[in-house]
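> following is a predicted model, sequence given first.
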Amino acid sequence: MENNRNLFITIILSVVILAAWQIFYIGPKIEAEKQAQLELQAQQPETATQDTPAATSDGSLPQATSTPGAEAPAGGTAAEAEVEAGRIPVETPTLTGSINLRGARFDDLKLKDYRETIEKDSDIVTLLRPSSDAQGYIGEFGYIGFEGAPQSDTIWQVADGATLTPTTPVELTYSAPNGLTFTRTISIDDRYMFEIEDSVTNTSGGAVSLQEYGRVTRYSKPEKPPIYVLHEGLIGVTGEDGLTELKYNAIEDDGQVQPGKSTDGWLGITDKYWATALIPVGGETFQPRFSYFSDNRSRFQSDFLTDAVAVNAGETVTFDNLFFAGAKVSSQLDAYKDEYGIRQFELLIDWGWFHFITRPMFHLLDFLFNLFGNFGVAILITTVIVKAIFFPLANMSYRSMARMKVVQPKMQELKEKFGDDREKMQKAMMELYREEKINPVAGCWPMLIQIPVFFALYKVLYVTIEMRHAPFFGWIQDLSAPDPSHVFNLFGLLPYDPAAIPVLGTFLAIGVWPLIMGLTMFLQMRMNPAPPDPTQAMIFNWMPLVFMFMLASFPAGLVIYWAWNNFLSIIQQGAIMKRNGAKIELWDNLRGMLGRKKKADAAK
């Protein structure tokens, strides 16, 4: 009885967590996504809109002002201005797009390896878009300090026919009115890292003071609103402040966050699977900043501004920067971190509070995937490995549970002996536990162990791009998405989508794997004797059904893990109980349920 009580406490706590998840995340998430779609449809692209930072007299970083028509030619649009300025094609094994010669701006970039949906003919993912687009998203580097310094409206010159590839860097030039010559060499690797090497030569005859800036600016939020288990928004690791994470809503409230100055690190904007990051590598001191601007057109921005650098007459100074724009592939981020010495670059991926479990689990899954070629199989094998690691603790727990079943008659005698004297009853029970070497709370451990592993695996499935669109077998073509099969429309035979039903849709989207998970949980719970208390018995009976409905909206990979873990637990618990001479209650409980049903039918 004591064991059952501890088990129920653990289960109730788990239900509370999942219920809170359902109430505060799943439901609002559906509504928020619908609202986001409506807002996106209502948003009208602003034509003739380009952002032209102006040099400020106090040396502060330009605020990416957005002035309609600022860059459009007479009678034209901003899009036409971009065409007239020209573009440099970008072609690599992983990227396609172009660099805008106006501002030498990164504002057109697509990811060849990723598609919007699991459909093979789906469009490839677009990461960067021109600022004239409703979902504009750009990156650029420029200067302030004197009139004519190259900024967003500056048109750079490049040799005809230049194309940026991993083997052919491009060289841009700009001559300022005051006699300074700017040369920018842009190169790219075969993945997602741009290198920007700038040199400034002073032929003006006098000293000039310059400050370099870099910024990534986004003119819209992601279509799907972020959730609390995942960071999407402004991010950076700089100076003594280290990691800074600001969700879109937070920076809208704060307006601007300015960490301390730094000589290394990075900052940018991150989505669930993609990111951009500015990485100053020249060693200059710079001021990082995270901002939200609402004048004329709302936009989110991560930027940096270096301290002033003097360029004496006849002198040449250089600035070196990296610009990351691509998919957040864990191994690639680690490689960039080692190759360029980028501090904590792996934190572009939100590993979460359980990072000490999440990262090792991901690396294990990735290793097994490389061996077997299927992340679903990797999850099954990982579950076996986790069970093996915790086998001694689970073995002790199940052995203690088995011993409690063996001494059940003695416990019943104590209840009859002491009756309602709870104090003496508890004292006698503790003495019995010591004599029989039983840990009354041991039954909780298998469930408690599973909870952090459960959340760590959920994190891996939800945030790592390696899991995106990763198939299993049969109808499971995306382990990071819920099981697409639906029981309540007979798996597609009936012409409606249960998930689309208001309010109840989240609960009605029950697939095959949630059913399997519910069944295995039901069988596992029937391994123990049914509790005599009616309330506990009701929880005992309804718990698998509740979990089945609540987990149906979780990633399919997580439900597969839970079902497989339940199956292994049934085998493990049965073997240990048999070895310790304890009766396995599964068959008696099932026969008892059928017997009660027959008696109820006979009574009717």
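Everything's here; your move.

> and the residue of the chain most remote from its centre, what helix or strand is that in?
Checked against the mean C-alpha position of the chain, the extreme residue using Cα atoms, centre = their mean is residue 417, at a distance of 57.5 Å. Applying DSSP states H and E as the criterion places residue 417 in helix 408-418.

> give the rounded mean pLDDT of that helix.
Throughout helix 408-418, pLDDT has a mean value of 73.

> for that helix, buried residues please.
With burial defined by 16 or more other Cβ atoms under 10 Å, the residues of helix 408-418 counted as buried are 411, 414, 418. From N, CA and C alone the C-beta is placed, and that goes for glycine too.

> also stretch 313-330?
Of the residues in stretch 313-330, 317, 319, 321-330 count as buried by neighbour count, 16+ other Cβ under 10 Å.

> in strands, which of these appear?
Cross-referencing the buried residues of stretch 313-330 against strands under DSSP state E gives 317, 319, 321-327.

> measure the closest residue to the residue farthest from the centre of the chain other than its chain neighbours to residue 407 for me?
Counting by Cβ to Cβ, 6 or more residues apart in numbering, residue 428 is the residue found nearest to residue 417 once chain neighbours are left out, at 7.6 Å. Distance, residue 428 to residue 407, using Cβ to Cβ, to the nearest Å: 12 Å.

> what do you get for residue 369?
Residue 369 is 46 Å from residue 407, by Cβ to Cβ.

> what of residue 470?
48 Å.

> any low-confidence regions in the stretch 101-250 of the chain?
Low-confidence segments of the stretch 101-250 of the chain, defined by pLDDT under 70: 225-226.

> at 90 instead, please
117-121, 145-149, 151-153, 159-161, 177-179, 203-208, 221-230, 241 (pLDDT under 90).

> strands along that one, start to end?
Secondary structure of the stretch 101-250 of the chain (DSSP state E, counting those that start in this stretch): strands at 105-115, 124-128, 137-144, 157-158, 170-175, 180-188, 193-202, 208-218, 233-238, 242-247.

> re earlier: possible to save the buried residues of stretch 313-330 as JSON lines with pLDDT and distance to residue 302?
JSON lines is the format used below for the buried residues of stretch 313-330 (pLDDT from 0 to 100; distance: Cβ to Cβ, whole Å):
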{"residue": "317", "pLDDT": "93", "distance to residue 302": "25"}
{"residue": "319", "pLDDT": "93", "distance to residue 302": "18"}
{"residue": "321", "pLDDT": "97", "distance to residue 302": "14"}
{"residue": "322", "pLDDT": "98", "distance to residue 302": "14"}
{"residue": "323", "pLDDT": "98", "distance to residue 302": "12"}
{"residue": "324", "pLDDT": "98", "distance to residue 302": "12"}
{"residue": "325", "pLDDT": "97", "distance to residue 302": "13"}
{"residue": "326", "pLDDT": "96", "distance to residue 302": "16"}
{"residue": "327", "pLDDT": "96", "distance to residue 302": "19"}
{"residue": "328", "pLDDT": "97", "distance to residue 302": "16"}
{"residue": "329", "pLDDT": "96", "distance to residue 302": "21"}
{"residue": "330", "pLDDT": "94", "distance to residue 302": "22"}
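
> least confident secondary structure element in this structure?
strand 66-68 (a mean of 33; mean pLDDT, DSSP states H and E).

> re earlier: phi, psi of the residue nearest to residue 417?
Here is the backbone geometry of residue 428 (degrees, to the nearest 10): phi -70, psi -40.

> so it touches residue 416, yeah?
No - using Cβ atoms under 8 Å as the test, residue 428 is too far from residue 416 to be in contact (11.5 Å).

> kindly state the pLDDT recorded for residue 571?
Residue 571 is given a pLDDT of 88.

> how about it, secondary structure?
Using DSSP: H, G, I helix; E, B strand; the rest coil, the structure places residue 571 in helix.

> next up, the contacts around residue 328.
Applying Cβ atoms under 8 Å, 6 or more residues apart in numbering, we find residue 328 in contact with 270, 273-275, 348-349, 465.

> and which of those is nearest to residue 396?
The shortest approach to residue 396 among these belongs to residue 349, at 35.7 Å (Cβ to Cβ).

> can you tell me the closest non-neighbouring residue to that closest one?
residue 328 is the one closest to residue 349 (Cβ to Cβ, 6+ apart), at 5.2 Å.

> how close does that neighbour get to residue 431?
When residue 328 is compared with residue 431 (using Cβ to Cβ), they lie 57 Å apart.

> and if you look at residue 122?
Separation of residue 122 from residue 431 (Cβ to Cβ): 67 Å.

> do residue 176 as well
For residue 176, the distance to residue 431 - Cβ to Cβ - is 90 Å.

> which of these two has more neighbours?
The neighbour count for residue 176 versus residue 431, taken as other Cβ atoms under 10 Å, is higher for residue 176 (19 against 11).

> now the nearest residue to residue 568 once chain neighbours are set aside: which helix or strand?
Computed as Cβ to Cβ, 6+ apart, the closest residue to residue 568 that is not its neighbour in sequence is residue 387, at 5.4 Å. Using DSSP H and E, residue 387 sits within helix 375-389.

> show me how the protein divides into domains.
With domains defined by automatic domain parsing, the chain comprises 2-28+358-603, 43-350.

> I figured residue 523 hits residue 573, correct?
No - using Cβ under 8 Å, residue 523 is not in contact with residue 573; the gap is 10.5 Å.

> the two: who's more crowded?
residue 573 (23 against 17).

> list of residues touching stretch 162-170?
Contact partners of stretch 162-170, identified using Cβ under 8 Å, 6+ apart, comprise 88-93, 99, 158-159, 171, 185-190.

> pull out the buried positions in it.
162, 164-165, 170.

> those: which two are farthest apart?
162 and 165 (10.1 Å).

> quick one: residues contacting the residue lying closest to residue 273 once chain neighbours are set aside.
Using Cβ to Cβ, 6+ apart and skipping residues adjacent in sequence, the residue nearest residue 273 is residue 465, 4.5 Å away. Residue 465 is in contact with 114, 273, 327-329, counting by Cβ under 8 Å, 6+ apart.

> rewinding a little: touching the helix holding residue 387 from outside, list them.
Here helix 375-389 makes contact (Cβ under 8 Å, 6+ apart) with 361, 364-366, 368-369, 372, 394, 453, 457, 466-467, 470-473, 476, 479, 557, 560-561, 564-565, 568-569, 572.

> what do you get if the cut-off is 6 Å, keeping everything else the same?
364-365, 368-369, 453, 470, 472, 479, 557, 561, 564-565, 568 (Cβ atoms under 6 Å, 6 or more residues apart in numbering).

> give me the mean pLDDT for stretch 254-273.
Stretch 254-273 comes out at a mean pLDDT of 95.

> just the buried residues of it, please?
Residues 257, 259, 261-262, 264-273 are the ones in stretch 254-273 that count as buried (16+ other Cβ under 10 Å).

> between the two ends of it, what distance do you get?
Using Cα to Cα, to the nearest Å, the end-to-end distance of stretch 254-273 comes out at 25 Å.

> just how off-centre is that stretch within its chain?
18 Å (Cα atoms, centre = their mean, to the nearest Å).

> which residues are contacting that stretch?
Contacts of stretch 254-273 (Cβ under 6 Å, 6+ apart): 216, 218, 222, 232, 234-241, 244, 275-279, 285, 287-292, 302, 328, 342-343, 348, 465, 468.

> what ranges does the stretch 251-400 of the chain have for its helices?
Secondary structure of the stretch 251-400 of the chain (DSSP state H, counting those that start in this stretch): helices located at 330-340, 355-372, 375-389, 391-406.

> what packs against the second one?
In other words, helix 355-372. Contacts defined by 3 or more Cβ pairs under 6 Å, 6 or more residues apart in numbering; DSSP states H and E place helix 355-372 against helix 375-389, helix 445-463.

> state the mean pLDDT of the shortest one.
Think helix 375-389. 91.

> the longest one too?
Along helix 445-463, the predicted local confidence has a mean pLDDT of 78.
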